[in-house]
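A.B. asks: fold the following.
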Amino acid sequence: MKRAIAAVLSFLLLQACTFPPESISTGDTEEKISSVMELIKDGEKEKLADEFSDNVSRKDLLEEIDEMYGLFGGGIISWDEPTHCGYTQKASDHGDITLYTADPRVKNVKAGNKETYDIDIDYTAVNDKEPEAVGINCIMIRKQDPDKTYGEVILKIDGQTE
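C.D. replies: Reported below is the predicted structural model:
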């Protein structure tokens, strides 16, 4: 009987380690970034500011968002689906995700000023050690350069106006 109970407990412990982790995935991040792009398109400045992590200073954030709209000549018209540009950090503890950060890129952002940009978004979906870091930590806007993989950063929105 003791062996049967030990076998069942061992089986349950092994199963606990193989359950899939929280449902944070590349698709979840891309969906979140798509909703952020809709906020930018719709001119929802306050809602966009709310998507930033608590680590980002609110003092200069709305000013930087206004600067973005000025750069775009009002707003954005269209963009490609977000893609991961390589940087993802993920940590787990017994199957539970404790840290998930990503740096998705949105390419071919067509703006009201008829220019085309790429937008990189530093996004933290989960951070158990620093929950105040969850959200957008930075948006970098690059003007597209056909001669380079990455265009020059022309605006960085991170609540730290220089």
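A.B. asks: any idea which element the residue sitting nearest the centre point of the chain lies in?
C.D. replies: Within the chain, the residue whose C-alpha comes closest to the C-alpha centroid is Tyr123; the distance, by CA atoms, centre = their mean, is 2.7 Å. Using DSSP states H and E, Tyr123 sits within strand 116-127.
A.B. asks: now do Glu46
C.D. replies: Counting by DSSP H and E, Glu46 is part of helix 45-50.
A.B. asks: which helices and strands does the very next helix or strand once past that helix pack with?
C.D. replies: Per DSSP H and E, the first helix or strand lying C-terminal to helix 45-50 is helix 58-71. Contacts defined by 3 or more CB pairs under 8 Å, 6 or more residues apart in numbering; DSSP states H and E place helix 58-71 against helix 45-50, strand 135-143, strand 153-157. C-beta coordinates here come from the backbone N, C-alpha and C atoms, glycine included.
A.B. asks: now for Ser35, how many residues are close by?
C.D. replies: Residues contacting Ser35 under the criterion other CB atoms under 10 Å number 11.
A.B. asks: I should have written Lys107 there, sorry.
C.D. replies: Around Lys107 there are 17 other residues, counting by other CB under 10 Å.
A.B. asks: now the helix or strand containing it and helix 58-71, what's the angle there?
C.D. replies: Assigned by DSSP H and E, Lys107 belongs to strand 96-111. Between strand 96-111 and helix 58-71, the angle comes out at 40 degrees (axes from the mean of the first three to the mean of the last three CA atoms, to 10 degrees).
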